[in-house]
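Trainee: Just the structure for this:
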Amino acid sequence: MKKIISRFAPSPTGYLHIGGLRTALFNYLWAKKNNGQFLLRIEDTDQNRLVEGAAENLIKILREMGLDFDNQEPMIQSKRIKIYQEAAKNLVAEKKAYYCFCSAERLENLRESQQAKKQMPRYDRHCLNLSPEEIEEKLAKGEKHVIRFYVPSEKKTEVNDLVYGKITVNNLDLDDFIILKSDGFPTYHLANIIDDHEMQISHAIRGEEWLPSLPKHYLLYQAFGWENAIPEFVHLPLLLNPDRSKLSKRQGDVAVEDFLAKGYLKEALLNYVALLGWNPGTDQEFFSLKDLEKEFSLEKINKAGAIFDLQKLNWFNAEYIRQAINNQDATYQNILNESKKILATTYDLEKVLKVSGSRLNNLSELKEAAAFYYNLADYPAEMLIFKKSDLEKTKLGLNLALENLAKITEDQWQEKELFELLDKLIQDHNLNPGDLFWPVRVALSGQEKSPSPAEILWVLEKEESLKRLKQAVDKLS
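Mentor: Purely as a prediction, here's the structure:
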């Protein structure tokens with residue numbers, strides 16, 4: 001059986017798109033499930049779009065997400081230019097490709113003419129019939145040129161994709177596409193084929209946007225005589241916004257870096273992204289990376305575009321945060337470290353997380369959710385009075401709380417004991433929860449919506465709690 005080797009081949013043109021993360025993840029999972037290899041290649045031949053530091057950032061993010069690649073150093077296309085140039089010239093020598101010296105102006109005029117005649121825009125093979133002498137003369141003069149692949153026009157091309165099935169194209173509908181640009185750099189088509197062959201890639205798993213290029217790639221494999229080493233092709237469905245438009249930066253965050261910076265956990269991101277276009281076939285929703293390695297299969301990849309729903313991601317992330325806080329696991333330590341960057345450490349951060357963490361979609365919300373612990377905002381005295389209570393009962397509730405909480409020792413200052421004390425005061429004095437719980441909570445937080453009074457008391461500890469309750473009593477005097 002052929003060894004499974006997959007690859008992730010990003011272009012270092014900026015951030016790692018969430019769709020790129022999914023492509024990397026699916027390649028990683030397929031390799032790991034089959035005890036194969038997951039390789040990284042940096043496709044940096046489009047020199048105009050390169051962003052400095054992007055390649056290093058891609059590698060950093062992949063490692064941070066736990067998607068370690070098996071080649072010690074990634075293959076970098078810009079270091080292999082001579083290999084591609086030689087391959088293109090060999091195809092020219094075998095009359096499977098040819099030099100094209102047409103100017104941009106001529107090509108634009110050709111395109112406009114074809115469009116006016118309602119013809120499919122395509123190159124007219126103007127340079128195909130140049131004599132060897134003419135070609136040599138133009139090359140000697142240093143005339144600007146590209147190399148085009150000669151598409152055999154007398155047949156159809158059939159190639160199989162594991163998601164979309166058999167793709168059949170009439171070669172007459174294919175243009176003689178460029179394989180080597182005028183700057184001497186290869187196009188994606190040429191470099192991709194040569195690299196995949198050299199890396200012995202068994203499965204080319206990539207985005208659906210490359211599906212129209214599949215026949216071209218198949219023809220290149222044939223031209224090089226590599227028919228027996230063509231990888232299995234797997235094209236992943238597009239990622240879409242809820243309105244079914246293509247997921248893009250214009251609609252909001254799409255960069256993995258942005259999500260991590262906002263406090264989305266890598267475990268939640270990987271879990272959610274795995275379910276975009278892949279269905280395990282069961283009701284299970286939560287998967288660790290190890291779970292995914294066991295469960296993943298190419299057969300369960302869907303054709304339909306996958307909706308990237310931020311609310312669903314928030315739900316996943318909130319669940320992961322809750323579980324980590326409850327289990328006090330390795331992820332929890334990561335949450336604690338990130339929280340230290342977000343919050344001051346005036347109070348016990350673990351207490352703050354235990355109380356506020358269960359209410360977060362992501363860690364960046366912690367700053368706002370926990371702000372009142374560090375800075376009690378001024379609030380109107382009327383806010384202390386619950387809508388079903390009155391001034392006298394509110395005063396009574398606050399004074400009872402202040403008086404009795406002052407008697408509790410630091411050792412007894414625990415959430416359970418604090419709740420039981422406040423609850424007993426309500427029962428003993430024939431009060432409603434709104435007469436005591438409400439004003440105590442507002443006094444401690446300055447907010448109408450916040451954690452329970454006992455939780456806040458526990459976090460603030462005795463001295464600060466009594467100080468805030470006294471301020472509330474004074475407001476109503």
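
Trainee: Which is the succeeding secondary structure element to the worst-scoring helix or strand of the chain on mean pLDDT?
Mentor: The weakest-scoring helix or strand in the chain, judged by mean pLDDT, DSSP states H and E, is helix 330-342 (a mean of 88). Downstream of helix 330-342, the first helix or strand assigned by DSSP states H and E is helix 349-356.

Trainee: Counting by contacts, list what that following helix packs against.
Mentor: When contacts are defined as 3 or more C-beta pairs under 8 Å, 6 or more residues apart in numbering; DSSP states H and E, helix 349-356 packs onto helix 330-342, helix 366-369, helix 453-476. (C-beta placed from N, C-alpha, C; glycine too.)

Trainee: buried residues in that helix?
Mentor: Neighbour-count burial for helix 349-356, counted by 16 or more other C-beta atoms under 10 Å, picks out L349, K351, V352, L353, K354, V355, S356.

Trainee: returning to that earlier point: which one of the helices and strands packed on helix 349-356 is the most hemmed in?
Mentor: Mean neighbours per residue, mean count of other C-beta atoms under 10 Å, is largest over those for helix 453-476, with a mean of 19.

Trainee: Run through who's touching it.
Mentor: Here helix 453-476 makes contact (C-beta atoms under 8 Å, 6 or more residues apart in numbering) with 347-348, 351-352, 355, 373, 376, 381, 384, 391, 394-395, 398-399, 401-402, 405-406, 408, 410, 413-416, 418-419, 422, 437, 439-445, 450.

Trainee: Could you list the low-confidence segments of the stretch 51-200 of the chain?
Mentor: The model of the stretch 51-200 of the chain has no residue with pLDDT under 70.

Trainee: Strands of that one, start to end?
Mentor: Assigned by DSSP state E, counting those that start in this stretch, the strands in the stretch 51-200 of the chain fall at 75-76, 97-100, 146-149, 156-161, 165-170, 178-180.

Trainee: Dump the ones you listed to CSV, plus distance to H197 and mean neighbour count.
Mentor: What follows is those, written out as CSV (distance: least, C-beta to C-beta, whole Å; neighbours: other C-beta atoms under 10 Å):
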stretch, distance to H197, mean neighbour count
strand 75-76, 12, 16
strand 97-100, 17, 22
strand 146-149, 16, 23
strand 156-161, 16, 15
strand 165-170, 20, 12
strand 178-180, 14, 24
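
Trainee: quick one, which of those is nearest to A31?
Mentor: With C-beta to C-beta as the measure, strand 75-76 is the member of those nearest A31 (15.6 Å).

Trainee: next one: that closest one to chain centre, how far?
Mentor: Averaged C-alpha coordinates place strand 75-76 at 23 Å from its chain's average position (C-alpha atoms, centre = their mean, to the nearest Å).

Trainee: what's near enough to touch E257?
Mentor: Counted by C-beta under 8 Å, 6+ apart, E257 has contacts Y15, L16, N57, I61.

Trainee: From A318, how far out is it?
Mentor: Note on E257: its distance to A318, by C-beta to C-beta, to the nearest Å, is 21 Å.

Trainee: what do you get for R125?
Mentor: Distance of R125 to A318, computed by C-beta to C-beta: 59 Å.

Trainee: which of those two has more neighbours?
Mentor: Relative neighbour count places A318 above the other of R125 and A318, with 19 against 15, counting by other C-beta atoms under 10 Å.

Trainee: Can you tell me the element the more buried one falls in?
Mentor: Counting by DSSP H and E, A318 is found in helix 310-327.

Trainee: So for that helix, what gets flagged as buried?
Mentor: For helix 310-327, a neighbour-count test (16+ other C-beta under 10 Å) marks L313, N314, F316, N317, A318, E319, Y320, I321, Q323, A324, I325 as buried.

Trainee: Contacts only, for the first one.
Mentor: Residues near L313 by C-beta under 8 Å, 6+ apart: F259, Y264, A268, L269, Y272.

Trainee: Buried ones among those residues?
Mentor: Among these, those classed as buried by neighbour count (16+ other C-beta under 10 Å) are F259, Y264, A268, L269, Y272.

Trainee: right, and out of those residues, which lies closest to R7?
Mentor: Closest approach between the buried ones among the contacts of L313 and R7, by C-beta to C-beta: L269, at 21.3 Å.

Trainee: For that closest one, give its distance to N314.
Mentor: Taking C-beta to C-beta as the measure, L269 falls 12 Å from N314.

Trainee: got it, and L29?
Mentor: In this view, L29 and N314 are 24 Å apart by C-beta to C-beta.

Trainee: Look up the closest residue to V355, ignoring the ones flanking it.
Mentor: Ranked by C-beta to C-beta, 6 or more residues apart in numbering and with sequence neighbours excluded, the top spatial neighbour of V355 is E455, at 4.5 Å.

Trainee: Let me know how buried N192 is, in neighbour terms.
Mentor: If we define neighbours as other C-beta under 10 Å, then N192 has 24 of them.

Trainee: oh, I was asking about H197
Mentor: Applying other C-beta under 10 Å, we find 17 other residues in the vicinity of H197.

Trainee: which residues sit in contact with it?
Mentor: H197 sits next to Y221, F224, W226, A229 when contact means C-beta under 8 Å, 6+ apart.

Trainee: Selecting buried members of the residues you listed in PyMOL, what would you type?
Mentor: The buried subset of those, as determined by 16+ other C-beta under 10 Å, is captured in PyMOL by this line:
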select buried, resi 221+224
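
Trainee: Which of the contacts of H197 scores worst on pLDDT?
Mentor: Ranked by pLDDT, the contacts of H197 bottom out at A229, which has 92.

Trainee: Now do the same contact list for that residue.
Mentor: By C-beta under 8 Å, 6+ apart, the contact set of A229 is H197, Q200, Y221.

Trainee: Quick check, L172 in contact with S153.
Mentor: Yes: using C-beta atoms under 8 Å, L172 is in contact with S153, at 5.6 Å.

Trainee: For T331, which non-adjacent residue is closest in space?
Mentor: In this structure, T331 finds its nearest non-sequential neighbour in A324, 4.0 Å apart by C-beta to C-beta, 6+ apart.

Trainee: Quick check: the gap between that neighbour and E338.
Mentor: Taking C-beta to C-beta as the criterion, A324 is separated from E338 by 11 Å.

Trainee: Break this protein into its domains for me.
Mentor: Here the domain parsing of the chain from automatic domain parsing is 5-78+239-307, 80-236, 310-374, 381-476.

Trainee: related to what we said a few turns ago, name the residues that touch the least confident helix or strand of the chain?
Mentor: Contact with helix 330-342 is made by 263, 265, 267, 320-321, 323-325, 349-350, 352-353, 357, 363-364, 366-367, as judged by C-beta under 8 Å, 6+ apart.

Trainee: got the CA coordinates for that helix in PDB?
Mentor: Extracted in PDB, the C-alpha atoms of helix 330-342 (Å, rounded to 0.1, in the frame of the first residue of the first chain):
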ATOM      1  CA  ALA A 330      -3.600  21.900  31.000                       C
ATOM      2  CA  THR A 331      -5.900  24.200  29.000                       C
ATOM      3  CA  TYR A 332      -6.800  25.900  32.200                       C
ATOM      4  CA  GLN A 333      -3.200  26.800  32.900                       C
ATOM      5  CA  ASN A 334      -3.200  28.400  29.400                       C
ATOM      6  CA  ILE A 335      -6.400  30.300  30.200                       C
ATOM      7  CA  LEU A 336      -4.900  31.500  33.500                       C
ATOM      8  CA  ASN A 337      -1.700  32.700  31.700                       C
ATOM      9  CA  GLU A 338      -3.800  34.600  29.100                       C
ATOM     10  CA  SER A 339      -6.000  36.100  31.700                       C
ATOM     11  CA  LYS A 340      -3.000  37.600  33.500                       C
ATOM     12  CA  LYS A 341      -2.300  39.600  30.300                       C
ATOM     13  CA  ILE A 342      -5.900  40.900  30.300                       C
END
